[in-house]
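[1] Here is a sequence together with a model predicted from it:
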Protein chains: 2
Amino acid sequence: MSLLVVGTMAFDAIETPFGKTDKIIGGAATYIGLAASYFYKNINMVSVVGGDFPQESMDMLKKHGLKLDGVQIKQDQKSFFWSGRYHTDMNSRDTLATELNVLADFDPIVPESCREVDFLMLGNLMPAVQQKVIAQLTKRPKLIVLDTMNFWMDTAHEDLVKTIAQVDVLTINDGEARQLSGEYSLVKAAQKILEMGPKVLIIKKGEHGALLFNSEQVFFAPALPLEDVFDPTGAGDSFAGGFIGFLAETKDISFENMKRAIIFGSAMASFTVEKFGVERLIGLTQDQVDERVQEFIDLVQFDISLV
Amino acid sequence: MSLLVVGTMAFDAIETPFGKTDKIIGGAATYIGLAASYFYKNINMVSVVGGDFPQESMDMLKKHGLKLDGVQIKQDQKSFFWSGRYHTDMNSRDTLATELNVLADFDPIVPESCREVDFLMLGNLMPAVQQKVIAQLTKRPKLIVLDTMNFWMDTAHEDLVKTIAQVDVLTINDGEARQLSGEYSLVKAAQKILEMGPKVLIIKKGEHGALLFNSEQVFFAPALPLEDVFDPTGAGDSFAGGFIGFLAETKDISFENMKRAIIFGSAMASFTVEKFGVERLIGLTQDQVDERVQEFIDLVQFDISLV
């Protein structure tokens, strides 16, 4: 059994109403891998970085148990860079800069030892690149989770639809679910999207929580009400990481277990937004994770017995 | 034991993306009373209508067990009228017309028999009018719940703050909580508002559910994901009605029981938005209410045991 995480490892520069950062490490795979590492120990990363990606960050990821054999290092190139500024509501942001760099011609190579993984997490990337990963696997994983975004709906719609048809779980936000389905109602949007192939759809609503749909059931996980959301960057990826990490560890992909998994995912996202970048995701203790999950239990559990 | 509901009984004319209505009955007290009637049977209404308010609507309210002795009928005047148009997101609306009519000089009179009620629900009204009701009571109710809105924060701030200080539970929406507290974070907003007097604050977030705060705890109830929100008018009042009706029936005002109460309130709101006006709130069966509450249980309950 193992988990393969595919996605960007990158630099971000972030401005929020609380402050701004210089270049700090980010990227979907970084957040996913770190969040998943609190639940599962056999995680392989597939990504690409430039020669500028800090060795100490690589060491930090390894310290979290992440295997980096599938991370290509292009010594003479620069890592992917994104810069953005969040508005007061923290739900909307302006992109200030996007430099693809090594990502421009990223050709993912899945290490031999990972071609029969049971769990595959495809972080947000060009759909054609996500497909290249699936094509390299010699056995169909037990579960493929795909994250994507509106940018690919605008620029690579056909490829995206083809990729979505190949996966088990799709994670997108509410605006993207509306765009992809052409339906305003999220319930109707979910029905349409589930007809496109995935057995399960997760609609992320940021501070308003997340919805988990299959063709017959729906489950809702709230976001934790926080005093301050300091930096939302990576929240969705941390959510996905907690989700797939918990599923890989428990080896149970039933809807009931996915309910638990999105609570763990939400807990990891709630850590991420408390500080800039991945800072809060580094070196958490099991007690801290458990306490956070207990807060989610207290937040939504009630006791009604209908006669 | 009894429950006193104070608020408007009125006419509304509503436009939504799904259609429009002529004048139909509405008003905070109407929605609150109807929703509460599914949980509790000794409900007294205090309101005012004009001679144009239909006898058949009065009869329908009586059939739901609501006592109308405290409803003043001004035969030669017209009922309060509001007209509005909702946008596609159903969270924002334009007011097209407001005719105060009988509401302009509403002097609420609490019937002798209701001056020692245990539960008082003050629907949205001018704060000075809400205070006049409290002043007529000869015994402090076990629980006073107050609903209000941004209009009074803008036009009667001092009166409102005085009224809020006299109640146990305040219900407002997220934008109003931010306005009243000057805090963007709802957690910080709640802390500030609870310092103004109420022991409990409910922040209504429409399709994103509701938060229940006391000084130490927080609970979240989702809204039910619906295929279509047909008409959101009265959703907040139906929520408040289910909430107070359940508390009055169970006579338990602990935080634990308030968690249950906001689930029942959310269930009643989910009915209201399925049709125009009060239509869906009329003549529901116990089975229908129970089934709806079960949907909420299925929506959020999960089973995580932390060791």
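    Arrived safely.
[2] Please tell me how far A:L212 sits from chain B.
    A:L212 sits 10 Å away from chain B, going by C-beta to the nearest C-beta, to the nearest Å. No exception for glycine: its C-beta is placed from N, CA and C like everyone else's.
[3] just checking, next helix/strand downstream of the helix or strand where that residue lies?
    According to DSSP states H and E, A:L212 maps onto strand A:210-213. Beyond strand A:210-213 in the direction of the C-terminus, DSSP H and E gives the next helix or strand as strand A:218-221.
[4] Quick one: name whatever helix or strand follows that following strand.
    For strand A:218-221, the following helix or strand on the C-terminal side (DSSP H and E) is helix A:235-250.
[5] Pull out the buried positions in that next one.
    With burial defined by 16 or more other C-beta atoms under 10 Å in any protein chain shown, the residues of helix A:235-250 counted as buried are A:235-249.
[6] Paired strands for the strand holding A:L212, with orientation please.
    According to DSSP bridges, strand A:210-213 forms sheet pairs with strand A:200-204 (antiparallel), strand A:218-221 (antiparallel).
[7] Now flag whichever of the buried residues of helix A:235-250 is closest to chain B.
    Nearest to chain B among the buried residues of helix A:235-250: A:F246, at 9.9 Å, using C-beta to the nearest C-beta.
[8] In chain A, which residue is most central in space?
    A:D237 (2.5 Å; C-alpha atoms, centre = their mean).
[9] Would you agree it is in contact with A:D147?
    Yes: the criterion here is C-beta atoms under 8 Å, and A:D237 meets it with A:D147 at 7.2 Å.
[10] shared neighbours of these two, which are they?
    Common neighbours of A:D237 and A:D147 (criterion: C-beta atoms under 8 Å, 6 or more residues apart in numbering or on different chains): A:G7, A:A28, A:G123, A:N124.
[11] do you know how far the closest residue to A:G206 other than its chain neighbours is from chain B?
    Take A:G206 and drop its neighbours on the chain: the residue closest to it by C-beta to C-beta, 6 or more residues apart in numbering or on different chains is A:N91, 5.3 Å away. Computed with C-beta to the nearest C-beta, the distance linking A:N91 and chain B is 12 Å.
[12] What helix or strand is A:N91 located in?
    Going by DSSP H and E, A:N91 is not in any helix or strand.
[13] One more: A:A261?
    helix A:255-272.
[14] Which residues of the stretch 151-300 of chain A lie near chain B?
    A:184-188, A:205, A:208-209, A:211, A:217-222, A:225-229, A:256, A:259-260, A:263, A:290, A:293-294, A:297-300 (C-beta under 8 Å from any C-beta of the partner chain).
[15] got a list of what the residue nearest to A:G206 touches?
    A:N91 makes contact with A:G206, A:E207, A:P232 under the criterion C-beta under 8 Å, 6+ apart.
[16] which one of those is nearest chain B?
    Nearest to chain B out of the contacts of A:N91 is A:E207 (C-beta to the nearest C-beta; 8.4 Å).
[17] Distance check, A:G209 against B:G241.
    To B:G241, A:G209 is 25 Å away according to C-beta to C-beta, to the nearest Å.
[18] got it, and A:I193?
    To B:G241, A:I193 is 35 Å away according to C-beta to C-beta.
[19] How about A:I24?
    Relative to B:G241, A:I24 is positioned 50 Å away (C-beta to C-beta).
[20] Then A:A10?
    51 Å.
[21] The residues of the stretch 151-300 of chain A next to chain B, buried ones only, as a ChimeraX selection?
    A single ChimeraX command is used to select the members of those judged buried by 16+ other C-beta under 10 Å:
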select /A:185,186,187,188,205,208,209,211,218,219,220,221,222,225,229,259,260,263,293,299,300
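[22] Low-confidence regions, chain A specifically.
    A:307 (pLDDT under 70).
[23] Would you map the helices across it?
    Ranges of helices in chain A, per DSSP state H, are A:28-36, A:55-63, A:127-136, A:150-155, A:157-164, A:174-181, A:186-194, A:235-250, A:255-272, A:286-300.
[24] Need these in TSV (columns: distance to B:A135).
    Converted to TSV, the helices of chain A look like this (distance: least, C-beta to C-beta, whole Å):
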stretch	distance to B:A135
helix A:28-36	56
helix A:55-63	64
helix A:127-136	66
helix A:150-155	55
helix A:157-164	62
helix A:174-181	46
helix A:186-194	46
helix A:235-250	49
helix A:255-272	45
helix A:286-300	38
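[25] Tell me which of those sits most buried.
    Stretch with highest mean neighbour count among these: helix A:28-36 (a mean of 31; mean count of other C-beta atoms under 10 Å in any protein chain shown).
[26] Just the residues contacting that helix, thanks.
    Defining contact as C-beta under 8 Å, 6+ apart, one finds that helix A:28-36 is touched by A:3, A:5-10, A:43, A:45-47, A:61, A:64, A:66, A:121, A:123-125, A:147, A:234, A:237-242, A:244-245, A:248, A:265, A:268-269, A:272, A:278, A:281-282.
[27] residue contacts, A:G50?
    Applying C-beta under 8 Å, 6+ apart, we find A:G50 in contact with A:I73, A:K74, A:Q75, A:Q77, A:K78, A:S79, A:N101, A:V102.
[28] which among those residues gets closest to B:L143?
    Within the contacts of A:G50, the smallest distance to B:L143 is 58.8 Å, found for A:S79 (C-beta to C-beta).
[29] Okay, the closest one and A:Q72: tell me how far apart.
    As judged by C-beta to C-beta, A:S79 and A:Q72 stand 11 Å apart.
[30] overlap in contacts of the two?
    Common neighbours of A:S79 and A:Q72 (criterion: C-beta under 8 Å, 6+ apart): A:V49, A:V102.
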